[in-house]
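J.: my questions are about this predicted structure, shown below with the sequence.
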Amino acid sequence: MSRLPDEGLVWDALREVEDPEAGMNIVDLGLVYTVTVAAEGVDVDMTMTTPACPVADMLVEQSRAAISRVVPAELPVRVRLVWDPFWTPSMMTGVARDHFGWSS
């Protein structure tokens, strides 16, 4: 098997996935909770701003595709949609809060 990618590379790939409703990448929005890179594969837990999000399936698939572009082809990529903890605006980065004018 090829050398395992750095976890930071996966986070960077996920920054390329934009929530079309928010106009911001999913990492800065705080939608990505965990990234784990191991010999068994890459596992990501992410959420949406609301369970009724109409683009949830699209964002999960785009996340999987973005990660697959930066890891060895034989490494499984699993992106799991979770609801615990429930997303709140406090999970956004300062960049996202500034973008929305929510800076403290």
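T.: Happy to help now that I have it.
J.: OK, contacts around the residue nearest to residue 69 when sequence neighbours are not counted?
T.: Distance criterion C-beta to C-beta, 6 or more residues apart in numbering; nearest residue to residue 69, sequence neighbours excluded, is residue 13 at 6.6 Å. Where you see a C-beta, it was placed from the backbone N, CA and C, and this is true even at glycine. Applying C-beta atoms under 8 Å, 6 or more residues apart in numbering, we find residue 13 in contact with 66, 67, 69, 70.
J.: grab the most central residue of this protein for me.
T.: Central residue check for the chain by C-alpha atoms, centre = their mean: the C-alpha nearest the mean position is that of residue 32, 3.9 Å away.
J.: show me the shaky parts of the chain.
T.: Across the chain, the ranges flagged by pLDDT under 70 are 1-2, 103-104.
J.: helices of that one, residue ranges please.
T.: With helices called from DSSP state H, the chain shows them at 7-14, 56-68, 94-99.
J.: then the shortest one to CSV, C-alphas only?
T.: What that stands for is helix 94-99. Provided in CSV are the C-alpha atoms of helix 94-99 (Å, rounded to 0.1, in the frame of the first residue of the first chain):
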residue,chain,number,x,y,z
GLY,A,94,-13.5,33.1,12.6
VAL,A,95,-13.3,33.3,8.8
ALA,A,96,-16.9,32.1,8.5
ARG,A,97,-18.2,34.3,11.3
ASP,A,98,-16.6,37.3,9.6
HIS,A,99,-18.1,36.3,6.2
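J.: so what's the closest residue to residue 81 other than its chain neighbours up against?
T.: Nearest residue to residue 81, sequence neighbours excluded (C-beta to C-beta, 6+ apart): residue 60, at 5.7 Å. Counting by C-beta under 8 Å, 6+ apart, residue 60 touches 46, 79, 81.
J.: out of those residues, which is nearest to residue 3?
T.: Closest approach between these and residue 3, by C-beta to C-beta: residue 79, at 21.9 Å.
J.: number of nearby residues for the closest one?
T.: 21 (other C-beta atoms under 10 Å).
J.: hmm, residue 41 and it touching each other?
T.: No: if you go by C-beta atoms under 8 Å, residue 79 and residue 41 don't touch, sitting 10.8 Å apart.
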